[in-house]
Every structure is written in C-alpha cells, then in structure tokens.
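Chemist: Turn this into a model:
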Amino acid sequence: MQKDFLDIADLTPDEVWSLFESAKDLKAKQKRGEAHEHLKGKTLGMIFAKPSTRTRVSFEVGMFQLGGHALYFHEANFGKRETIPDVARVLSRYVDGLMARLFGHEDIVELAKYASVPVINGLTDLLHPCQILGDMFTIWESRPSLEMLLKERREGNFNDLIVTYIGDGNNVANSWVTMAMKIPFTFRIACPEGYEPDKKMVEQANQSKVGRVEIYREPAQAAKDAHVLYTDVWASMGQEAEAEMRRQIFKGYCIDGALMKAAAPDAKFMHCLPAHRGEETTDEVMESPQSIIFDQAENRLHIQKAIMVKRMGKR
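Modeler: Residues are numbered from 1 along each chain as shown. So this is what the prediction gives:
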C-alpha cells in the first residue's frame, strides 16, 4: 500500500473494496456507539488553500471519533510564503498525517514527495478522490446485493450500474473517470463541447477495460435508463469570473424532474454540494424521494475515516 492517497487511480481494485468494507464497519460502530479509536493519540494536519464545509468538518470529526486530533491551517498563499518542500518537512515533524485541499494538483504531489507522513488529497483542481469514493460507497451501500458483495468481494462488481453526470467535466467528473479504472460500471457524462473530463484519463479508463466512459452532448440521451443522475456546480471555486458565461453555455444541462423521468424508474439523484439550486438542478429534484444527497454527504465522514485508518494506522 502506498504512503499517500492522492488519486483513486493509485489504488488497486482490492484496496477500493477494502475501503468500502472498512467504511461500512466504522459507520456501524459509530451508529452503535462502540469505541473505534484506531488513531488514538495521533494528529492530522489539515491545509486549506480552498475553504470548505464538508471537507473540514468530516475530517475533523472523523479524527475525533477515531481518538485523534485535527489541526486546521488556512493557507490562502500555500507555497508562496514558504516553499512546499519546507512546509512538508516541518509539518512532518509535528503531525502523523496531512490532508490538503488545494488549487494546483502539482502542489499536492510536491507536498507528498517531501512529507515523511501520509498525505491525503482533500481536493485539487484536477481531482476530488475522497468525494467519489464516498459517493460510490453510498451507491454500494444502497444496492440489495451488498451482503453478497461483502462475502464475495473479488467477484462482486457493478457491471449493470450506469452513473450519468450532467455538467462540467471538472475535478469531480475526473475522479468518476478514475473510478471506472477500478470498478466495472458505465460512467456517462453529458457536457458542452470543450468541457469534457481530462482526455488522457478518459483514454486510460477505456483502455483499462474495467469500466467504460461515454461522452454525450444531449443530457436526455445520457440519462436514458441510468441508475444515478449526478451533477455539480457549473462554475467551481476559482472560476467565479466565468460564472455568467458558464450559465449561458450550460443552459439545458439542468437536472430537473423531466430529466429524472428519462432515467431508470428507481434512479437516484446525487450532488456533491454545495448546490446552486435553480441552475444545475432544481428544488423539486433535490427534495425528492430519489435524492440521496445527504446520505452521500454523511458518507464522506465514514470513507475518510477508513482512508485515515488505512494510511495513518498501523502499517
């Protein structure tokens, strides 16, 4: 197992399934009120160049529940006031692990290179791996074959699963693409021309012959018979100046009630949050019985606990 967790592509399929099983176990223990202090006495340093609600709270609460402690560092000028190698080597003398939520992906790669403790990618402009691990865990948790898959993990898969993403091919979409390198499912994305996920990642996913990635222009075609419809904001953090332009470009890429009807009858709606209601989706969909947005938000906590235990616990 690698020291760091920067990208789903770096995991083996067995490691992905193992994280799901660990998250399920940790979640159950938390619900039952059982002690699971696997990281007692350990400290996680959390570096935020980008602010966040879910990422900060889930990692901080997760460390507390695991018996450890989390420290928050707001570093708007990360890598400028002090070099990344120096930050990595100094913090490695103080803490047992680092989680960073940054802009440039190259910055977290450099942080991991020079840190002697495990580094976890809380988000970069390129990838959002914790989010998609939590999301796939949420889908896995809701499937009736869960117990069978637990018993026959190496044989279990998602061959019949179609996840359709409507919107910008951003870091969330890129991490869905990398998930298709590890688990056999179909990932569809409907987006305007020029807003596709990373081309190299798409090629790697399809060459892996594990899952399949398909790109559409028409949302209704991509949504047909899908088991999950998923979206994110059209303008991510750092793209505020493009917000109005993107609203015009992405007109017609809203997940509303009509688009949900094009999906499978029991389709679920997912959104990584925060949402711009009335843009990429509607109140009708977000508040519908098909919406599992708050289940997936909760599961960020449990999957990240699993990641921290695997990376920061006994190796």
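Chemist: what sits against Arg311?
Modeler: Arg311 sits next to Met1, Lys3, Asp4, Phe5, Gly97, Pro118, Ile120 when contact means C-beta atoms under 8 Å, 6 or more residues apart in numbering. For every residue, glycine as well, the C-beta is placed using N, CA and C.
Chemist: can you pull the pLDDT of Leu149?
Modeler: Looking at Leu149, its pLDDT stands at 46.
Chemist: Offset the numbering so it begins at 354, please.
Modeler: From this message on, residue numbering opens at 354, which makes the last subject Leu502.
Chemist: And the residue nearest to the spatial centre of the chain, its phi and psi?
Modeler: In the chain, the residue lying closest to the centroid (C-alpha atoms, centre = their mean) is Gln484, at 1.7 Å. Dihedral pair for Gln484: phi -60, psi -50, per degrees, to the nearest 10.
Chemist: The residue nearest to it when sequence neighbours are not counted: neighbouring residues, count only.
Modeler: Nearest non-adjacent residue to Gln484, counting by C-beta to C-beta, 6 or more residues apart in numbering: Cys625, 5.2 Å away. Other residues near Cys625 number 24, with proximity taken as other C-beta atoms under 10 Å.
Chemist: ok, Cys625 to Val414 distance?
Modeler: Relative to Val414, Cys625 is positioned 18 Å away (C-beta to C-beta, to the nearest Å).
Chemist: try Glu567
Modeler: 37 Å.
Chemist: still on that earlier bit, can you add neighbour count, pLDDT and distance to Glu546 and give the contacts of Arg664 back as JSON lines?
Modeler: Formatted as JSON lines, those follow (neighbours: other C-beta atoms under 10 Å; pLDDT from 0 to 100; distance: C-beta to C-beta, whole Å):
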{"residue": "Met354", "neighbour count": "12", "pLDDT": "69", "distance to Glu546": "40"}
{"residue": "Lys356", "neighbour count": "13", "pLDDT": "95", "distance to Glu546": "39"}
{"residue": "Asp357", "neighbour count": "20", "pLDDT": "98", "distance to Glu546": "35"}
{"residue": "Phe358", "neighbour count": "26", "pLDDT": "98", "distance to Glu546": "33"}
{"residue": "Gly450", "neighbour count": "28", "pLDDT": "98", "distance to Glu546": "41"}
{"residue": "Pro471", "neighbour count": "24", "pLDDT": "98", "distance to Glu546": "39"}
{"residue": "Ile473", "neighbour count": "24", "pLDDT": "98", "distance to Glu546": "34"}
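Chemist: Restricted to strands, list those residues.
Modeler: The members of the contacts of Arg664 that map onto strands under DSSP state E are Gly450, Ile473.
Chemist: out of the contacts of Arg664, who's nearest Ala376?
Modeler: Phe358 (13.5 Å; C-beta to C-beta).
Chemist: Surely that closest one touches Val662?
Modeler: No - contact criterion C-beta atoms under 8 Å: Phe358 and Val662 do not qualify, at 11.5 Å.
Chemist: How is this protein partitioned into domains?
Modeler: Structural domains annotated on the chain: 361-480+653-665, 484-649, as defined by automatic domain parsing.
Chemist: Now the terminal residues of the first one, how far apart.
Modeler: Using C-alpha to C-alpha, to the nearest Å, the span of domain 361-480+653-665 from its first residue to its last is 17 Å.
Chemist: any idea how far Asn527 is from Pro438?
Modeler: 26 Å.
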